[in-house]
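Undergrad: pasting the structure only:
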C-alpha cells in the first residue's frame, strides 16, 4: 500500500497532485507500526485494552504505560510514537483542567476530544513542525452523558465510537469487536472480552512477550478511570488464554478430522482429544 | 440615607463641599430585594423595581431580572453599573461556550462564570447576584453568588438590602415541593413585605417562571401587591 511521494511528501504544508498530504499519511503509518490498543463502550462504562510488547526483559513490570489518566473521569489509550502520545496527554490534561476551572464541572468528552483534535490538526498545517505520530482513544464516564468513547488520529479528526481499535492488528481487532453485543454488556463482562480480543490479535510468531494493560471507567468504578484491579485482570487473562487455546485446539481438531476421513480412526481420536481438553480447562 | 447594603464603601471620591449635590455623588445602586425559588420543573425568580442614587429614585420601574441565556436568568443587586457589566460579560462567555459545546449551557456553568468574575474582582465590585434557571440535566436550579464571590446552590435564596426583613417570613413559609403557582404566590408575598419595609426597595414586583417550555414573565403593580397590615 506504500506509495512514493516524489517531492510532494517533504513537508506537511504541501498537497500532492491527487490531493493528499503525504506527511499526515506517513504519520498514520507510524501508528500502524505500533502494537494494538482497543477501546469498547458498553452500557455502563468504557474498557481499554493495550497489547504492550515487552522489548526487553530488563524492564520493570508496569513501565512504559500506554494508558493515561487525563482527568478523574477520562482515560486515554495510545498507539504510535509514545513520546508524542505523552505530550498530547499533557495537552488533554490541561484542557480538562482549564475547563473545570472556568466552568465548574467535568469536561464533556466530545468537547475534550474536539479540542485535542484541533491541537493535533494544527501540527498538520505547517512545514516547520511534523504531525503527531500517534492515535489515541479517549473514554469517559459521566453521570449526565453516561459512557463515551472517542478516537483521534494524526490527521486531527475525532469520531465517537461504540468500539474502536488502533495499531498493527486493528483490522483483526475490529472484526472481533464487531462480533460483540456491547450495548447490552456490563463492564465486568466486557473486561474479559477485551482481554480475549487482545490475546487473539497478538501475533505469537512476530512478537514474543507482551503485557496486557487493562483499564476501565464506569459505574463499577464510580466514574473514576483506573487500571483494572489485579484479581479481575488475572481472571480476565485466564479466560482469554482458555479461549484462544481452545480456538486453536478446535482448529487443530477440525483439520485432523478432515485429513483422517474414517469413522474408526475418528472414534479413537475423539477419546484422546476429550481428555486433553479437560486437562486444559483445569 | 442608606442606599448601600455594605460598609467599606463610605468614602466618596469627591469632598463634601464640591458644587455637586450630594445625591449625585452617590453611586447608582440597586438597593434591592431579589429572590429565586426552585420547583420541580423549573424556577421562579422575583425582584422589586427600584434603583436609587442616594435618596433619589433614579428608576422606579427597573428590570432586575436579566436573561443570560434562553433558560438562565440572573437577579442583580448592588451597584447597577457593576452588575450590568458583569452580566454582559457572562452573557458573552456563556453564549460562546454554548456554541462550542453545541448544546444549551448548564445553570451551574453560568453560576461558575459569575463566581469567577465576582471573586477575581471582589475588591472593585459591589455585586450580589442570584443565578437561576432550568437545564435538561438537573432541572430547575438556584445558585447564589453574594458579594465576595462565594457560590452555593440552594433550593431558595433571597438577596439585596430588603432581604434582611423577610428571612423570618421565608423560614416559616417556604415548603419544599411547591408548584409553580404556589412559588409565584410565595414570591409575590415575600417581595411585598420587603418592599413595604425597605426604603431601597419598592415600585412594582417583577416575577418570572423559567421551565423547559420557556419563560413566563409577570408584573404585579403597586396597588395590586398584597397588603399585610391594616394601617
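TA: Received, thanks. Being a predicted model, the structure only gives us computed values, none of them experimental.
Undergrad: all helices for the stretch 1-150 of chain A, in order.
TA: A:22-32, A:82-103, A:109-122 (DSSP state H, counting those that start in this stretch).
Undergrad: okay if I get those as TSV plus mean neighbour count?
TA: C-beta: built from backbone N, CA, C; applies to glycine. TSV is the format used below for the helices of the stretch 1-150 of chain A (neighbours: other CB atoms under 10 Å in any protein chain shown):
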stretch	mean neighbour count
helix A:22-32	19
helix A:82-103	17
helix A:109-122	20
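Undergrad: what's the closest of those to residue A:192?
TA: Residue A:192 lies closest to helix A:109-122 among those, at 24.5 Å (CB to CB).
Undergrad: mean confidence for the closest one?
TA: For helix A:109-122, mean pLDDT rounds to 96.
Undergrad: again with stretch B:95-110
TA: The average pLDDT within stretch B:95-110 is 95.
Undergrad: And it, how far out from the chain middle?
TA: 22 Å (CA atoms, centre = their mean, to the nearest Å).
Undergrad: Please apply the same query to stretch A:114-133.
TA: On CA atoms, centre = their mean, the centre of stretch A:114-133 falls 22 Å from the chain's centre.
Undergrad: For that stretch, which outside residues touch it?
TA: A:11-14, A:21, A:23-24, A:27, A:30-31, A:80-81, A:84-85, A:87-88, A:91-92, A:95, A:138, A:152, A:154-158 (CB atoms under 8 Å, 6 or more residues apart in numbering or on different chains).
Undergrad: Count residues in the vicinity of residue 54, would you?
TA: Answering for chain A, as no chain was given. 15 (other CB atoms under 10 Å in any protein chain shown).
Undergrad: meant chain B actually
TA: There are 19 residues near residue B:54, going by other CB under 10 Å.
Undergrad: Now residue B:27: phi and psi?
TA: phi -70, psi 150 (degrees, to the nearest 10).
Undergrad: Not including adjacent chain positions, what is the nearest residue to it?
TA: residue B:79 (5.8 Å; CB to CB, 6 or more residues apart in numbering or on different chains).
Undergrad: who touches residue A:186 in this structure?
TA: With CB under 8 Å, 6+ apart, residue A:186 has these contacts: A:42-45, A:220.
Undergrad: Among those, give me the pair with the biggest separation.
TA: Spanning the widest gap among the contacts of residue A:186 are A:43 and A:220, at 11.5 Å by CB to CB.
Undergrad: closest to residue B:165 out of the helices of the stretch 1-150 of chain A?
TA: helix A:82-103 (35.3 Å).
Undergrad: so what's residue A:32 closest to, chain neighbours aside?
TA: Closest to residue A:32 by CB to CB, 6+ apart is residue A:168, at 5.8 Å.
Undergrad: in chain B, which spans are strands?
TA: B:28-30, B:34-39, B:42-47, B:51-53, B:56-59, B:65-69, B:72-79, B:127-135, B:139-145, B:152-153, B:156-159, B:205-211, B:214-220 (DSSP state E).
Undergrad: For the ones you listed, give me CSV that also has mean pLDDT and mean neighbour count.
TA: Formatted as CSV, the strands of chain B follow (pLDDT from 0 to 100; neighbours: other CB atoms under 10 Å in any protein chain shown):
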stretch, mean pLDDT, mean neighbour count
strand B:28-30, 67, 26
strand B:34-39, 96, 28
strand B:42-47, 97, 29
strand B:51-53, 92, 23
strand B:56-59, 92, 15
strand B:65-69, 97, 20
strand B:72-79, 96, 27
strand B:127-135, 97, 28
strand B:139-145, 97, 24
strand B:152-153, 97, 14
strand B:156-159, 96, 24
strand B:205-211, 97, 24
strand B:214-220, 95, 14
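Undergrad: Of the ones you listed, which is nearest residue A:206?
TA: strand B:127-135 (52.3 Å).
Undergrad: Those residues of chain B touching chain A, which are they?
TA: B:97, B:100-101, B:106, B:108-109, B:111-113, B:115-116, B:137, B:151 (CB under 8 Å from any CB of the partner chain).
Undergrad: are any of these buried, and which?
TA: B:97, B:101, B:106, B:108-109, B:111-113, B:115-116, B:151 (16 or more other CB atoms under 10 Å in any protein chain shown).
Undergrad: wait, what's in contact with the residue in chain B that chain A sits nearest to?
TA: As assessed by CB to the nearest CB, chain A sits closest to residue B:112 within chain B, at 3.1 Å. By CB under 8 Å, 6+ apart, the residues touching residue B:112 are A:102-105, B:151.
Undergrad: residue in the stretch 51-200 of chain A nearest to chain B?
TA: For the stretch 51-200 of chain A, CB to the nearest CB, closest residue to chain B: residue A:104, 3.1 Å.
Undergrad: Surely that residue touches residue B:109?
TA: Yes. With contacts counted by CB atoms under 8 Å, residue A:104 reaches residue B:109, the gap being 6.3 Å.
Undergrad: returning to that earlier point: list the ones among the contacts of residue A:186 that fall in strands.
TA: Using DSSP E, those in strands are A:42, A:45.
Undergrad: Would you tell me which one of the contacts of residue A:186 comes nearest to chain B?
TA: residue A:44 (18.1 Å).
Undergrad: Identify the farthest-apart pair in the buried ones among the residues of chain B next to chain A.
TA: B:101 and B:151 (20.5 Å).
Undergrad: residue closest to the middle of chain B?
TA: In chain B, the C-alpha nearest the mean C-alpha coordinate belongs to residue B:75, at 2.7 Å (CA atoms, centre = their mean).
Undergrad: Does that one touch residue B:43 like I think?
TA: No. Using CB under 8 Å, residue B:75 is not in contact with residue B:43, being 10.5 Å away.
Undergrad: list residues touching both of the two?
TA: By CB under 8 Å, 6+ apart, the residues touching both residue B:75 and residue B:43 are B:36, B:132.
Undergrad: just to revisit the earlier point, please convert the contacts of residue B:112 to JSON lines, extending it with distance to residue B:71 and pLDDT.
TA: Formatted as JSON lines, the contacts of residue B:112 follow (distance: CB to CB, whole Å; pLDDT from 0 to 100):
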{"residue": "A:102", "distance to residue B:71": "20", "pLDDT": "91"}
{"residue": "A:103", "distance to residue B:71": "17", "pLDDT": "91"}
{"residue": "A:104", "distance to residue B:71": "17", "pLDDT": "88"}
{"residue": "A:105", "distance to residue B:71": "17", "pLDDT": "89"}
{"residue": "B:151", "distance to residue B:71": "19", "pLDDT": "96"}
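Undergrad: Isn't the residue nearest to residue B:27 up against residue B:129?
TA: No. Checked against CB under 8 Å, the pair residue B:79 and residue B:129 is beyond contact range at 11.3 Å.
Undergrad: contacting residues for the closest residue to residue A:93 other than its chain neighbours?
TA: Spatial nearest neighbour of residue A:93, chain neighbours left out: residue A:70 (5.4 Å); criterion: CB to CB, 6+ apart. By CB under 8 Å, 6+ apart, residue A:70 lies in contact with A:76, A:89, A:92-93, A:96, A:112, A:138, A:225.
Undergrad: try 7 Å
TA: Neighbour list for residue A:70: A:76, A:89, A:92-93, A:96 [criterion: CB atoms under 7 Å, 6 or more residues apart in numbering or on different chains].
Undergrad: Next one, pLDDT for the nearest residue to residue A:33 once chain neighbours are set aside please.
TA: Using CB to CB, 6+ apart and skipping residues adjacent in sequence, the residue nearest residue A:33 is residue A:168, 6.5 Å away. At residue A:168, the model reports a pLDDT of 93.
Undergrad: tell me the SS of residue A:168?
TA: Judged by DSSP: H, G, I helix; E, B strand; the rest coil, the three-state class of residue A:168 is coil.
Undergrad: max-length helix in chain B?
TA: What stands out as the longest helix in chain B, according to DSSP state H, is helix B:80-101.
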